[in-house]
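Enquirer: sequence plus predicted model, see below.
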Amino acid sequence: MGADSDTAAQNMIRELERQLHQKEAEIALLREITTLIGGETNLQKVFDLVAECARDLIHAETVTIPILAPDQSSYVYRAAAGRNAEELINADLPIEIGICGWVLRHRKPWWRGVLELLSENERNQWEKEAGTVILVPLVGKRQFLGGIAGINKTGGGEFDKRDLDLLSLFASQVGVAIENVMFLDELARARQRAEAFKEKLETTNQQLSRTNEELQHLAVHDPLTCLPNRTLILDRLQQAILTAKRNHHPMALIMIDLDHFKEVNDTLGHTIGDQLLINIGKRFQSTLREPDTLGRLGGDEFAVVLPEATQDDAIVVASKLQSALQEPVKVDHSSFSIGASIGIAVYPEHGVDPSSLLKGADVAMYVAKRNRDELAVYDPEQDTYKPDRLELLRDLRSAIQEQTISSAFQPKMDLRSGELIGMEALARWTHPEKGNIPPYEFIPILEQTGLIRPFSLHMLEQAVRFAKRCQQQGFELSVAVNLSVHNLRDERLAEQVAEILGRHDLEAALLGLEITESAIMNDPEHSLGILTELQTMGVQLSIDDFGTGYSSLSYLKRLPVSELKIDRSFVHDMTQDSENAMIVRSTIDLAHNLGLETVAEGIETTEILEVLQGMQCDMAQGYLISRPLAEQEFLDFLASGKWAKHTRRRDRAENL
Ligand code: C2E
Ligand code: MG
Ligand code: MG
């Protein structure tokens, strides 16, 4: 018995010693793990370590670490060690599923001992495997994290209360460390996200400022020519004025309007017109210096701001701009001779703010265009010359509607016989408030707005009716009407002319149509068709203002015209200006060689009349013979006065 009890005591001591060793080993392992984990900052490594250590600690075949998702609706095995670890890792499961789900929902550990806590349903489901699974919650200082699960005891058997205590102790030791590393990890990821966001923000910012720059550029540049637009020009003008004011020096503004650009655009199309504007913009730009700003104000209008320039400097720049157009401008395979009218206004003489300088340069440009000069400097006396176009247009519309634009008739004399053989109908508009408005002010507006077509028909009607009236009174005179380039594009023109002649019962031969040289040259091929149609009807055609355009002799030869009217700018001073006299003489010779008759316009003195007779000019028109007259005045003039005896009269008997 004594030996037995000794043996029993020895066994007990041995068992206690074994338990002590085991405890010491477990404590050493726990300490080791806690140190290991405490020094680790990589979250995945921490999870892996925890799984490995837990497996050693409780001798489990497999250990997993289920971690709750932030929204607590699911959990993920963030680590697994042992059997099937590979398959389990990263599996994502809803919180309602499995023993894991139960632990995470109830926040209680799992081992066989919990069976009595389960609902009957759960117990039936898990009773069999209750002992092969052990699961303890993993809790940090701030939150519930998930759990540590052991599956199957190595070598068979079940997990017992001791395993549970050990794993719980382990979990409480590592919970806070895991929470800290998770927190660090979350922080690092948040930082990364912030970095990425910052980068994206920077790129977006860069893109935004680029778009902004583009928008800003677009807002102040003309998209066609890429030159500064009106807004930027106004701004530069304002700046130049301020600098000039500060430094007590002058500055100048130049405005440029292309001659006959509208016709090119209308006849040849916008593509050619656009290209022409681009090329002309480049030409202008190449003549300017660095501080000068060239811009496009719109349409065919350009402007140049010269920040430090006197009037003389501006004139030099303007002449350079003019010379830039001397060479024809090429577009595709065609070349265009484009002229320009230039107006100059200077600070401070002509204005001290942008709007008065703009207005001054605009008035000067208008004067240059009207005088057919290349350039003009603003002169305050000319202010009234520039009509307010919008106002005029409104009044013109009603004048046309109410047919208050009348005709004056200027006689045409045969220089060989001295007979009055014809007359020209000229439009006369007496504005209710502004008085007489000359044709050069309102005809261009009619042309630009398309009102010229109905207006020309109205003039034709009046002219034909009056010619008939003259005829009825015994004066056989032809009547000429001025047509615009727009009429030459009207396919129905010939038909309408025939209709008017028919209605008034006038022979076609008594009607003449005057077309300016530039109108014909605008689209020679097309004009040719319509002119031929008119000529076939018996209507007389003449080229008006000859010498001011760019006729091509080859076209001139083909045109079905019978008359050239020499522009009065060559005639009026031909007794003083030998060059003009020569031009008149050669025009007469040229016309005769082409089988055409010549009419000299603007004859104001007998001296000129005689010179023209000497040059074999066929016909004459001018103030010397008579100013344009209203219908009744014209009839009175025919019936009496000094030229009456020359008038070609029909035998009255013929009319009876
Ligand atoms: P135009 O067809 O060359 O007409 C001749 C112009 O010279 C007329 O000016 C006439 O009054 C003016 N004139 C005639 N003799 C003399 C003279 O001895 N000395 C001076 N200094 N001038 C003289 P007006 O009536 O002012 O017409 C100017 C232009 O307006 C016309 O030039 C013509 O191109 C255009 N025009 C006039 N009426 C019409 C019209 O009904 N339709 C169209 N499309 N254009 C018209
Ligand atoms: Mg005329
Ligand atoms: Mg003329």
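Expert: Arrived safely. As the structure is a computational prediction, the values presented were derived from the model and not from experiment. Ligands and ions are numbered 1, 2, ... in the order given.
Enquirer: can I assume Gln285 sits in a strand?
Expert: No - counting by DSSP: H, G, I helix; E, B strand; the rest coil, one finds Gln285 to be helix, located in no strand.
Enquirer: distance check, it against Asp332.
Expert: Going from Gln285 to Asp332 by C-beta to C-beta, to the nearest Å gives 21 Å. Heads up, the C-betas are built off the backbone N, CA and C, glycines and all.
Enquirer: ok, Glu301 next?
Expert: 24 Å.
Enquirer: also Gly547?
Expert: From Gly547 to Asp332 the distance is 29 Å (C-beta to C-beta).
Enquirer: ok, these two, which is more surrounded?
Expert: Gly547 (20 against 9; other C-beta atoms under 10 Å).
Enquirer: OK, contacts around the residue nearest to the more buried one when sequence neighbours are not counted?
Expert: Leaving aside its chain neighbours, Gly547 sits nearest to Asp567 (4.8 Å; criterion: C-beta to C-beta, 6 or more residues apart in numbering). Asp567 makes contacts with 545-548, 601-602, as judged by C-beta atoms under 8 Å, 6 or more residues apart in numbering.
Enquirer: got the phi and psi for Asp567?
Expert: phi -60, psi 140 (degrees, to the nearest 10).
Enquirer: again, but for the one 4 residues further on
Expert: With angles defined as degrees, to the nearest 10, Val571 sits at phi -80, psi -40.
Enquirer: so which of the contacts of Asp567 wins on neighbours?
Expert: Neighbour-wise, those (other C-beta under 10 Å) top out at Phe546, 25 neighbours.
Enquirer: can you tell me the average pLDDT over the host helix or strand of Val584?
Expert: Here Val584, judged by DSSP states H and E, is contained in helix 578-593. The pLDDT scores in helix 578-593 average 92.
Enquirer: try stretch 218-237
Expert: 94.
Enquirer: Thr287: neighbouring residues, count only.
Expert: 17.
Enquirer: the one 4 residues further on now?
Expert: When counting by other C-beta under 10 Å, one arrives at 12 neighbours for Pro291.
Enquirer: quick check: it touching Val304?
Expert: No - contact criterion C-beta atoms under 8 Å: Pro291 and Val304 do not qualify, at 10.9 Å.
Enquirer: measure Asn487 to Asn205 for me?
Expert: Counting by C-beta to C-beta - Asn487 and Asn205 are separated by 59 Å.
Enquirer: so, low pLDDT: which residues of the stretch 351-500 of the chain?
Expert: The model of the stretch 351-500 of the chain has pLDDT under 70 over residues 384-389.
Enquirer: all strands of it, in order?
Expert: Per DSSP state E, counting those that start in this stretch, the stretch 351-500 of the chain carries strands over the ranges 375-377, 406-414, 420-431, 435-437, 478-483.
Enquirer: out of these, which one sits most buried?
Expert: strand 478-483 (a mean of 24; mean count of other C-beta atoms under 10 Å).
Enquirer: now the angle from it to strand 420-431?
Expert: Between the axes of strand 478-483 and strand 420-431, defined by axes from the mean of the first three to the mean of the last three C-alpha atoms, to 10 degrees, the angle is 40 degrees.
Enquirer: check whether strand 478-483 comes near ligand 2.
Expert: Yes - looking at strand 478-483 against ligand 2 by C-beta under 5 Å from the ion, the contacts come from Asn482.
Enquirer: which strands and helices sit next to that strand?
Expert: On a contact count with 3 or more C-beta pairs under 8 Å, 6 or more residues apart in numbering; DSSP states H and E, strand 478-483 meets strand 406-414, strand 420-431, helix 452-472, strand 511-516, strand 540-546.
Enquirer: would a markdown table of these with distance to ligand 1 be doable?
Expert: Formatted as a markdown table, the helices and strands packed on strand 478-483 follow (distance: least, C-beta to the nearest ligand atom, whole Å):
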| stretch | distance to ligand 1 |
| --- | --- |
| strand 406-414 | 6 |
| strand 420-431 | 4 |
| helix 452-472 | 4 |
| strand 511-516 | 6 |
| strand 540-546 | 5 |
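Enquirer: among those, which comes closest to Val317?
Expert: strand 540-546 (30.0 Å; C-beta to C-beta).
Enquirer: list the strands paired with the closest one, with their directions.
Expert: Strand pairing for strand 540-546, determined by DSSP bridges: strand 511-516 (parallel), strand 563-566 (parallel).
Enquirer: tell me what angle it forms with helix 578-593.
Expert: Computed by the same axes, to 10 degrees, the angle between strand 540-546 and helix 578-593 is 160 degrees.
Enquirer: establish whether strand 540-546 and ligand 2 are in contact.
Expert: Yes - looking at strand 540-546 against ligand 2 by C-beta under 5 Å from the ion, the contacts come from Asp544.
Enquirer: returning to what we had before: right, and the helices and strands packed on strand 478-483 - which one's nearest Thr64?
Expert: Closest among those, using C-beta to C-beta: helix 452-472, at 93.0 Å.
Enquirer: for that closest one, packing partners?
Expert: Going by 3+ C-beta pairs under 8 Å, 6+ apart, helix 452-472 lies up against helix 389-401, strand 406-414, strand 420-431, helix 439-449, strand 478-483, helix 493-504, strand 511-516, helix 631-639.
Enquirer: out of the ones you listed, which is closest to Arg558?
Expert: Nearest of those (C-beta to C-beta): strand 511-516, 14.5 Å.
Enquirer: what residue lies at the spatial centre of the chain?
Expert: Closest to where the C-alpha atoms of the chain average out (C-alpha atoms, centre = their mean) is Pro223, at 4.7 Å.
Enquirer: and that one, its phi and psi?
Expert: phi -60, psi -30.
Enquirer: go on, Glu290?
Expert: Dihedral pair for Glu290: phi -50, psi -50, per degrees, to the nearest 10.
Enquirer: I appreciate the help and will end here.
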